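Chemist: Pasting the sequence and the predicted coordinates here, then a few questions.
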Amino acid sequence: MSKSLRNRDFLTLQDFTLDELWSILRLARDLKLRFYSGERIIPLLRGKTLAMIFQKPSTRTRISFSVGMYQLGGRALYLNWNDLQLRRGETIEDTARVLSRYVDAIMARVYAHKDLEDLAAAATIPVINGLSDLFHPCQILSDMFTIWEKKGRLKGLTLSYVGDAANNIAHSLLIGCSKFGLNIKMGCPKGYEPKKKVLKMALKNAEVSGSKIEIFNSPVEAVKDTDVIYTDVWVSAGQEAETEIRMKVFPPFQVNRALLEKAPSDVMVMHCLPAKRGLEITDEVIDGPNSIVWDQAENRLHVQKALLALILQ
């Protein structure tokens, strides 16, 4: 039985039941419909404040959470990691304790997932993962919503991820797809497969949902008979020292017109953004008729509003 999301941390999709995740998507659908009917402000969180801690740069996460809180009648505070006393050595735990006395929730975008876990352990208010090196659950929850919006269902569809399968997007896709019952095929170079502990979690989920998980070292094999092709940057933040070698390894995994021709003609193309055009994806694909990238980006706003509302109401 699903328990309430109220006052719960949101660090990874693995911590939530399928019913709980669907409750977020259904509320997101309702909030989006109300938004487009003219209800731009729905004051579900009047008087609530969200602290947003950023150790990494951000466009979509920062703006969607800020605007989302505003549209729910609340307020968001942008806190740069280097502007806080964290820069001078104050512990994450002490920061969490102080913020717990000031605000209603914390959203943090960090390098190390352990920092999020330490923040959540010390805080007495909910902590939301805005991105870590291991997971990006808010992005993938929005992606699941986008696919559901386009296809009318999730279970039984197939998503093919092409690129670095050891990054936070790939890991959260494994968890998300295996929870919702999507089959997931990953096409990645040798040595860039998902972390074993994440794959183990996904395989356990798949035993319940019926999802099928396959990993290929060929992008062509990965995109055969699929509904969605998904890609991400080849060099994630914090991996800059690996740029030279990655630029030699990943070009065969570019999502381009030739690769799309190996997939069904109605395949949808997704990218979490920001995109390095001409590297992991070409202009003609991201701007082409198969792309749903901009709908995908917009839905961060609606899904995060639903998440905030359920956690903070």
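Modeler: Yep, it's here.

Chemist: going forward, measure contacts and count neighbours with C-alpha atoms only.
Modeler: Will do.

Chemist: Listing request: residues of the stretch 1-150 of the chain with sub-threshold pLDDT.
Modeler: Under the criterion of pLDDT under 70, the regions of the stretch 1-150 of the chain flagged as low confidence span 1-3.

Chemist: Would you state the helices of it in chain order?
Modeler: If DSSP state H, counting those that start in this stretch is used as the criterion, the helices of the stretch 1-150 of the chain fall at 18-36, 60-71, 92-102, 113-122, 137-151.

Chemist: what's the shortest one packed up against?
Modeler: Helices and strands touching helix 113-122, as assessed by 3 or more CA pairs under 8 Å, 6 or more residues apart in numbering; DSSP states H and E, comprise helix 92-102, strand 127-131.

Chemist: if I look at Phe250, how far off is Ile106?
Modeler: Shown here: Phe250 relative to Ile106, a distance of 36 Å by CA to CA, to the nearest Å.

Chemist: on that earlier part again, how about CSV for the helices of the stretch 1-150 of the chain, with mean neighbour count added?
Modeler: Below are the helices of the stretch 1-150 of the chain laid out as CSV (neighbours: other CA atoms under 10 Å):
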stretch, mean neighbour count
helix 18-36, 17
helix 60-71, 21
helix 92-102, 16
helix 113-122, 18
helix 137-151, 21
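
Chemist: So between Phe250 and Ile106, which is more surrounded?
Modeler: Neighbours per residue (other CA atoms under 10 Å) separate Phe250 from Ile106, with Ile106 holding more: 25 against 20.

Chemist: Let me see the domain layout of this structure.
Modeler: 13-135+299-312, 139-296 (automatic domain parsing).

Chemist: end to end, how far does the shortest one reach?
Modeler: In this case it means domain 13-135+299-312. First-to-last residue span, domain 13-135+299-312, CA to CA: 18 Å.

Chemist: how distant is it from the center of its chain?
Modeler: Taking CA atoms, centre = their mean, to the nearest Å, one finds the center of domain 13-135+299-312 at 13 Å from the center of the full chain.
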